[in-house]
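# Generate a structure from the sequence data that follows.
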Amino acid sequence: MGQHWKKIWVGSAGNMVEWFDWFVYASFATYFAGSFFPAGNDTAKLMNTAGIFAVGFFMRPVGGWLLGRVGDRKGRKAALTLTVTLMSASAVLIAVAPTYAVAGYGGVAVLLVARLLQGLSVGGEYAASATYLTEASAPGRRGFASSFQYVSMTAGQILGLGLQIVLQHTLSSGELHSWGWRIPFVVGALGAAVIFYLRRNMLETDAYTEATEEGTGESAGAVAERGTIRALMRHKREAFLVIALTMGGTVAYYTYTTYLTKYLSNSAGLPKQTATLVSFCALLVFACLQPLAGALSDRIGRRPLLITFAVGSTFLTVPIMTMLKHAGSFWPALGLSLLALVVVTGYTSINACVKAELFPTGIRSLGVALPYAIANALFGGTAEYVALWFKNGGIESGFYWYVAGCAAVSLVVYLSMRETRDIDLKRVGGAPEGAPADAGKVPAS
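Numbers count the residues shown, from 1 in each chain. Presented below is the predicted three-dimensional model:
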């Protein structure tokens, strides 16, 4: 059991640091935006900083392709080690980036390079950890083990939120704007260094090791094509499934996690401190729900949870968001936020293993990474922008229907896809235990 927990920790901990860095960039932008641009319009400074933030999302598909390829050709351990190296480098660059007063726009250039590296890292981290957690766990525990990916992701946001609260209460506004904003990036770099050390000593998964040994049934040509786009194109249906099943989940996740605090403050009219506390408490409960739902999927299957999420998001998003706008105080806002996150748990707790279970070993890492990164960049990364676009246009409720519509599209996918719980990951094509070697293959579209 000790070795099992070590694999879960090492495989998922990078997500915690990754999302900590991702969160603190967005949340501390109001403090460091003025350091990198000349004096002038504060809104313009924030927009420029947000533009650099957006670059990270565009790099995620590139990171998914590059690190997914590494994961399939060099191993899951190699991909996980590389992602945390990029992660650490990006945090260090932001922490030491020179201000406009010192280097002019040179500081902006350093910030841009850091975000490019961070985008590459985030694009590969999800798939690398999802693949590792799924392959490293026992067949009957894959849902439980992979659920810790979102536990660690949420923990990163909670830590970032907690550090922000601490710094706001211990440093003056002037100190935060001058140098205090660098502290979270130093913390992120140190955390990444610790994860790097842990991952350097981690074991490769049995599924990958066995697939790379001679006599596993793969030809020399198949081995050479591992982790390539050509090999992925032989699994177009599965790749499309990853994009479609991610669509509704990632929009809902970003809506009720990263956008929630802004929504409660700007639209619901709650004080910023109250909105922050609601998000903090809701995320704590959300993190605790993930292993419970993951373990449930190991007993009843993945599809029931995915379908429950999609049905709930399709029919409850509009009333929940509408009532949140008129919540008025802490407890109603917390109750509604928790209801939304309980629904979202049906997706977040198991989506990592579901995607990994769709692909054979030789293309599993890239198969998860690239389609997921594309879907995340198109739908998850743009969720807040779409929400603000509707709000600016005076039809904020349009965003509620947009979230519900994305969930409805994913619902169609969940209803039509096969159950993946009993797939044997070590068999070429992922056949169920005891089935013929080709039984686990999904028919070509």
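# I would like the residues contacting stretch 323-342, please.
By CB atoms under 8 Å, 6 or more residues apart in numbering, the surrounding residues in contact with stretch 323-342 are 252, 256-257, 260, 263-264, 267-270, 274-275, 277-279, 281-283, 285-286, 289, 316-317, 320, 396. Just so you know, the C-beta spots here come from the backbone N, C-alpha and C atoms, and that holds for glycine as well.
# To clarify, my last question referred to stretch 79-96.
Looking at stretch 79-96 with CB under 8 Å, 6+ apart, the contacting residues turn out to be 11, 14, 17-18, 21, 25, 67-68, 70-71, 110-111, 113-115, 117-118, 120-121, 124-125, 127-129, 132, 182, 185-186, 188-189, 192-193, 195-196, 199-200, 202, 365.
# buried sites along the one helix or strand residue 5 maps to?
Element membership for residue 5 (DSSP states H and E) is helix 2-27. Under the neighbour-count criterion of 16 or more other CB atoms under 10 Å, helix 2-27 has 7-8, 10-27 buried.
# again, but for stretch 122-140
122-137.
# got it, and stretch 194-206?
Residues 195, 196, 198, 199, 202, 205 are the ones in stretch 194-206 that count as buried (16+ other CB under 10 Å).
# Whichever helix or strand comes after the helix holding residue 5 packs against which elements?
Using DSSP H and E, the next helix or strand after helix 2-27 towards the C-terminus is helix 29-36. Contacts defined by 3 or more CB pairs under 8 Å, 6 or more residues apart in numbering; DSSP states H and E place helix 29-36 against helix 42-73, helix 106-136, helix 173-178.
# who touches the helix or strand that the shortest one is followed by?
Along the chain past helix 173-178, the next helix or strand (assigned with DSSP H and E) turns out to be helix 183-200. Outside of helix 183-200, the residues within contact range by CB under 8 Å, 6+ apart are 9-10, 13-14, 16-17, 20-21, 24, 28, 77, 80-81, 84-85, 87-88, 91-92, 94-95, 160, 163-164, 167.
# Could you pull out the buried residues of the helix or strand hosting residue 243?
Here residue 243, judged by DSSP H and E, is contained in helix 236-256. Using 16+ other CB under 10 Å as the burial criterion, the residues of helix 236-256 that qualify are 238-239, 241-256.
# low pLDDT regions in the stretch 1-150 of the chain?
Judged by pLDDT under 70, the stretch 1-150 of the chain has its weakly predicted residues at 1-2, 40-51, 53-54.
# Now do the same contact list for residue 133.
Neighbouring residues of residue 133 by CB under 8 Å, 6+ apart: 7, 8, 11, 12, 142, 145, 146, 148, 149, 352, 353.
# from what I can see the fifth one touches residue 131, true?
In this case it means residue 142. No. Under the criterion of CB atoms under 8 Å, residue 142 is not in contact with residue 131, lying 11.3 Å apart.
# re earlier: which one of the buried residues of stretch 122-140 sits closest to residue 296?
Closest approach to residue 296 among these (CB to CB): residue 137, at 15.4 Å.
# How about the backbone phi and psi for the closest one?
With angles defined as degrees, to the nearest 10, residue 137 sits at phi -90, psi 160.
# helix or strand for the residue lying closest to it once chain neighbours are set aside, which one?
Of all residues beyond its chain neighbours, the one nearest residue 137 is residue 145 (3.5 Å), with distances taken as CB to CB, 6 or more residues apart in numbering. Element membership of residue 145 [criterion: DSSP H and E] is helix 142-146.
# how many other residues sit next to residue 171?
Neighbour count for residue 171, taken as other CB atoms under 10 Å: 17.
# Leaving out sequence neighbours, find the closest residue to it.
Closest to residue 171 by CB to CB, 6+ apart is residue 180, at 4.5 Å.
# tell me the contacts of residue 153?
Contacts were defined as CB under 8 Å, 6+ apart; by that measure residue 153 touches 15, 16, 18, 19.
# middle-most residue in this structure, spatially?
Centrality entry for the chain: nearest residue to the mean C-alpha point is residue 126, 6.0 Å, by CA atoms, centre = their mean.
# in what helix or strand does the closest residue to that residue other than its chain neighbours lie?
Distances taken as CB to CB, 6+ apart put residue 372 closest to residue 126, at 6.1 Å, once the chain neighbours are dropped. Following DSSP H and E, one finds residue 372 within helix 364-375.
# Then residue 421?
Using DSSP H and E, residue 421 falls outside every helix and strand.
# Give me the number of neighbouring residues for it.
20.
# for stretch 275-286, which positions count as buried?
In stretch 275-286, counting by 16+ other CB under 10 Å, buried: 275, 276, 277, 278, 279, 280, 281, 282, 283, 286.
# Among those residues, which lie within helices?
275, 276, 277, 278, 279, 280, 281, 282, 283, 286 (DSSP state H).
# From the structure, what's the count of residues near residue 385?
13.
# try residue 164
Residue 164: 18 neighbours (other CB under 10 Å).
# With residue 250 as the reference, measure out to it.
Computed as CB to CB, to the nearest Å, the residue 164 to residue 250 distance reads 24 Å.
# Then residue 366?
Going from residue 366 to residue 250 by CB to CB gives 19 Å.
# that older thread, any chance of the ones in helices among the buried residues of stretch 275-286 in JSON lines, with distance to residue 392 and pLDDT too?
Below are those laid out as JSON lines (distance: CB to CB, whole Å; pLDDT from 0 to 100):
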{"residue": "275", "distance to residue 392": "20", "pLDDT": "89"}
{"residue": "276", "distance to residue 392": "23", "pLDDT": "83"}
{"residue": "277", "distance to residue 392": "27", "pLDDT": "88"}
{"residue": "278", "distance to residue 392": "24", "pLDDT": "93"}
{"residue": "279", "distance to residue 392": "22", "pLDDT": "90"}
{"residue": "280", "distance to residue 392": "27", "pLDDT": "88"}
{"residue": "281", "distance to residue 392": "29", "pLDDT": "93"}
{"residue": "282", "distance to residue 392": "26", "pLDDT": "95"}
{"residue": "283", "distance to residue 392": "27", "pLDDT": "93"}
{"residue": "286", "distance to residue 392": "29", "pLDDT": "97"}
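# isn't residue 252 right next to residue 346, touching?
No. Counting by CB under 8 Å, residue 252 does not reach residue 346; the two are 9.8 Å apart.
# So for stretch 242-261, mean pLDDT?
For stretch 242-261, mean pLDDT is 92.
# just stretch 337-344 next, same as before
98.
# could I get it in PDB with only the CA atoms?
Output of stretch 337-344 as PDB, limited to C-alpha atoms (Å, rounded to 0.1, in the frame of the first residue of the first chain):
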ATOM      1  CA  SER A 337     -21.200  26.500  -5.500                       C
ATOM      2  CA  LEU A 338     -21.000  23.200  -3.700                       C
ATOM      3  CA  LEU A 339     -24.000  21.900  -5.600                       C
ATOM      4  CA  ALA A 340     -22.400  22.900  -8.900                       C
ATOM      5  CA  LEU A 341     -19.000  21.300  -7.900                       C
ATOM      6  CA  VAL A 342     -20.700  18.100  -6.900                       C
ATOM      7  CA  VAL A 343     -22.100  17.800 -10.400                       C
ATOM      8  CA  VAL A 344     -18.800  18.700 -12.000                       C
END
